[in-house]
Structures are given as structure tokens and as C-alpha cells.
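Chemist: Structure, please.
(chains A and B)
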Protein chains: 2
Amino acid sequence: MLLCDIGNTNIKIYNDGLVQIVSQEELLSYQDQRLFYLSVHPSLQSFPDCKKWINLEAFVSVKSSYNGLGVDRKALCSLVDEGTVIDAGSAITVDVMQDNIHTGGFIYPGKKAFFEAFRNISPRLDFSYQDILKNRLPQETRSALSYGFIAPLVALVEKLPKPWYVTGGDGGLLLQYLPDAIYRPHMIFEAMKQIIQRNGLC
Amino acid sequence: MLLCDIGNTNIKIYNDGLVQIVSQEELLSYQDQRLFYLSVHPSLQSFPDCKKWINLEAFVSVKSSYNGLGVDRKALCSLVDEGTVIDAGSAITVDVMQDNIHTGGFIYPGKKAFFEAFRNISPRLDFSYQDILKNRLPQETRSALSYGFIAPLVALVEKLPKPWYVTGGDGGLLLQYLPDAIYRPHMIFEAMKQIIQRNGLC
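Modeler: Model (predicted):
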């Protein structure tokens, strides 16, 4: 069974426990195989030539009064009864579930966008991320920027209900600063499998 | 006495309690007057044709082991014995003073840069800031982005030593979410005045 997660930046294919990032062209090479997908990419929503592909969007269901909740966020939340889901991708989404209901969420720029923002403010802020010490205030610019990216987000997440589930490309990074969190790197694919099973699609 | 604060984005002139934002050309129209300035702009550091201008940079002094602390941050901190200084400009700088010593600080993107970062991630995240409710999780994208800008920063500042001093172009906005903070919109000019007095420059 092939699963595919089409994000804002990357297309990820899950095949029997292995995940690989593919280009749009590589994705289309799976045209004749059964493939289940979820997409948040505005221009990669439907694939008329791929008759065997199934967009899971219509099958994703979460109780929520949030207007415009992305299908990836919905799918992740559908796995969780209680707690907070942090998906650290191009954007970092943070969503809270209580009693099986999505009670709201917020969006933070991902690492790449965050450091691009610094660079756009001043050439003096043109640095890349480096790991920081959470409990020590920075003593130079590169740490000050890295701390400015990580520490505010962590301070807010720490106020949200546990368990904290962390996923996404920068999930591993975030986990260093949220040691109590549960790391589920393939959470989106776990969600897709559950949706496929529950709806008898396979 | 004319004071001038040359930032990454704006040039501000303080004249007898009034502040105005001026262009580089307008700034140079003060060429023949006594003017004290501080500049963090990489290409607006010295003005050889303006013989009466005094760059206060060399007179700003704060005990700190921070490598590369901007002269504006230094000047603001020189006014404070104890507490946290938040300067919400193109970048938002947060600096902590304890026992008259700068113990470190961090940098967060300013409002404009933050929302540009969202826009660069996806056209679906192309919104402008709107005021949020700090204690209610967002229920749609525009609030989710605005909350993502304000709430993490506020959550972290709330863990830093009081009093909190807020200044800068978006200081008023921030104050809404830090009601215990002290708003000092002209703090940089207060600092410049103190430096001038202490060094007998006027």
C-alpha cells in the first residue's frame, strides 16, 4: 500500500515503513498503482490521469469549529483523543484536542522561513540555526536568533495540554527542547492508515 | 537638542518631545545643526559632511558578556538596573538586566517580517495581523497566524524578570498582551539624553 503526503514544500511517499521524498515527476511515475494521498498544496489537489489514486480528504473527520483546518492537521488530530499535536514542517502547526474535540490551534513559521525572515530584516541577522541551551540566555547573535525561534514556541507549548505529540521534518529538533513529548515521525501515515481501515478502503 | 535613532527600517528624529520619521535626504537637511545619533543601520554609520553631529555609540556602556550587542539594545539597557527590555521594531529584541548587568537576550522577527514569512510558505497563509484573544485558541487561519506571532513571544517574556519595559513601533500592540509591562515609547531617546548628560556632551 502506497501512501503519499503532499505538503507545501515536500512530497513524501510511504511504502511499507519506508519514507522517501520525491519530485512531482517521480510522484507521477506511480500513476498505475493504488496510492492514497492527502494534499495541502494548492496546485496539487487532484490527478485526473491517475485513476487508481484516492484522495483521503473526504474521509478525514475531526470534530472542530475551526474554519479552514488543513487536511493534514485534521488527519493528525484524528489520531488523538487528548493532547497537543505539533507538526514542524515548512510551517509549524500546533493543535489541541480535548475529549476527542479539536479546540483550536495556531501556526508558527517553520525553521527555514523563520531564518529567512531574520535575513530579510538585516544582513547582520543572516545566520543559520544552531542548537541552543534552553535555560541560558544567549550571548551572541546566532544563539539569539536560534533561541528566538525555539524558546518562545516551547514556552507556549509547555502551557498546552499533554501528551504532546511531535512530528514533521523538524520534529526531531523540537523534541530536544520538549523532552516529555512523544515523537511520532510518521504520524501522518499512521493517520492515513487508520482512515483507510475505518472506511474499508483497502 | 536634536536626537536621532537610525534603525534598520526607519530614521526617527526627536526634537523637544516630538518624534518624526524622516527619509535619508530629510536627515541630511539637519547637516548644520548639532545632532546626536545612534545607528544600527550597516550603511548609515558615519556622516563625514555633518561636522556638528555626534555618534553616541562610543559613549554607550553596559556590563555584558554578549558578543555583538547592537548599540540600540545597549542604550536601552543602560537605562535599566533590573528587568526586561522589549523593543518591538523590524526585529523584536528582548534583553534581560540583573543587578545592572546584561545577562543575555534574544531576537524575534518583527510583525512585518513574521507575516512575510507566512506568506512565503504558502499563499494560503497570506494574511495581515489582527488582534487576538490571548486566552482562547484560534478558530481560523488569520487568528492562528496572529496568535502564532504574539502568544509564543508573550509566553516566553512572562518567564523573564520584571519589570518589563516595552518600546518600539509595535510596542503598543505588544502592551495589550503584557498589561503589567511599562510602556516607554521614547525609551531610546531617554537613553540618549542620559548618555549625553552623563558624559557632559551638552
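
Chemist: from here on, contacts and neighbour counts on C-alpha atoms
Modeler: Noted.

Chemist: in the lengthiest helix in chain A, what counts as buried?
Modeler: Looking across chain A with DSSP state H, the single longest helix is helix A:141-157. Using 16 or more other C-alpha atoms under 10 Å in any protein chain shown as the test for burial, helix A:141-157 gives A:141-157.

Chemist: Assign a three-state SS to the closest residue to A:Ser64 other than its chain neighbours, would you?
Modeler: Closest residue to A:Ser64 apart from its sequence neighbours, by C-alpha to C-alpha, 6 or more residues apart in numbering or on different chains: A:His102 at 4.8 Å. Assigned by DSSP: H, G, I helix; E, B strand; the rest coil, the conformation of A:His102 is strand.

Chemist: any idea which residue of chain A is furthest from its center?
Modeler: A:Gln139 (31.3 Å; C-alpha atoms, centre = their mean).

Chemist: Relative to B:Leu156, how far out is that one?
Modeler: 17 Å (C-alpha to C-alpha, to the nearest Å).

Chemist: Next: A:Asn10.
Modeler: For A:Asn10, the distance to B:Leu156 - C-alpha to C-alpha - is 31 Å.

Chemist: Equivalent analysis for A:Pro138, please.
Modeler: 14 Å.

Chemist: can you check A:Asp5 too?
Modeler: 33 Å.

Chemist: And for A:Asn15?
Modeler: Counting by C-alpha to C-alpha - A:Asn15 and B:Leu156 are separated by 40 Å.

Chemist: quick one: contacts for the residue nearest to the spatial centre of chain A?
Modeler: What sits nearest the mean C-alpha location of chain A, by C-alpha atoms, centre = their mean, is A:Asp87, with 3.2 Å. A:Asp87 makes contacts with A:93-94, A:166-168, A:171, as judged by C-alpha atoms under 8 Å, 6 or more residues apart in numbering or on different chains.

Chemist: likewise A:Leu38?
Modeler: A:4-6, A:55-57, A:71-72 are the contacts of A:Leu38 under C-alpha under 8 Å, 6+ apart.

Chemist: now the residues you listed as JSON lines including distance to A:Ser23?
Modeler: Converted to JSON lines, the contacts of A:Leu38 look like this (distance: C-alpha to C-alpha, whole Å):
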{"residue": "A:Cys4", "distance to A:Ser23": "12"}
{"residue": "A:Asp5", "distance to A:Ser23": "12"}
{"residue": "A:Ile6", "distance to A:Ser23": "10"}
{"residue": "A:Asn55", "distance to A:Ser23": "18"}
{"residue": "A:Leu56", "distance to A:Ser23": "20"}
{"residue": "A:Glu57", "distance to A:Ser23": "21"}
{"residue": "A:Val71", "distance to A:Ser23": "21"}
{"residue": "A:Asp72", "distance to A:Ser23": "19"}
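
Chemist: Which of these fall in strands?
Modeler: In this view, the contacts of A:Leu38 that belong to strands under DSSP state E are A:4-6, A:55.

Chemist: mind pulling up the phi and psi values for the residue nearest to the centre of chain A?
Modeler: phi -110, psi 100 (degrees, to the nearest 10).

Chemist: mind checking how far it is from A:Met187?
Modeler: 9 Å.

Chemist: shared neighbours of these two, which are they?
Modeler: Going by C-alpha under 8 Å, 6+ apart, residues that sit against A:Asp87 and also against A:Met187 are A:Thr167.

Chemist: how many neighbours does A:Phe47 have?
Modeler: 13 (other C-alpha atoms under 10 Å in any protein chain shown).

Chemist: List the contacts of it.
Modeler: A:Trp53.

Chemist: Secondary structure element holding it?
Modeler: Per DSSP states H and E: A:Phe47 is located in neither a helix nor a strand.

Chemist: Just to confirm, what confidence does the model report for A:Val157?
Modeler: Here, the pLDDT recorded for A:Val157 equals 98.

Chemist: go on, A:Ile195?
Modeler: pLDDT at A:Ile195 comes out at 97.

Chemist: With A:Lys12 instead?
Modeler: pLDDT, A:Lys12: 96.

Chemist: Ok, A:Thr9 next?
Modeler: Reading off the model, A:Thr9 has pLDDT 88.

Chemist: My read is that it contacts A:Lys112, right?
Modeler: No. With contact defined as C-alpha atoms under 8 Å, A:Thr9 does not reach A:Lys112; the gap is 11.0 Å.

Chemist: can you list the domains in chain A?
Modeler: A:2-59+A:192-198, A:63-188 (automatic domain parsing).
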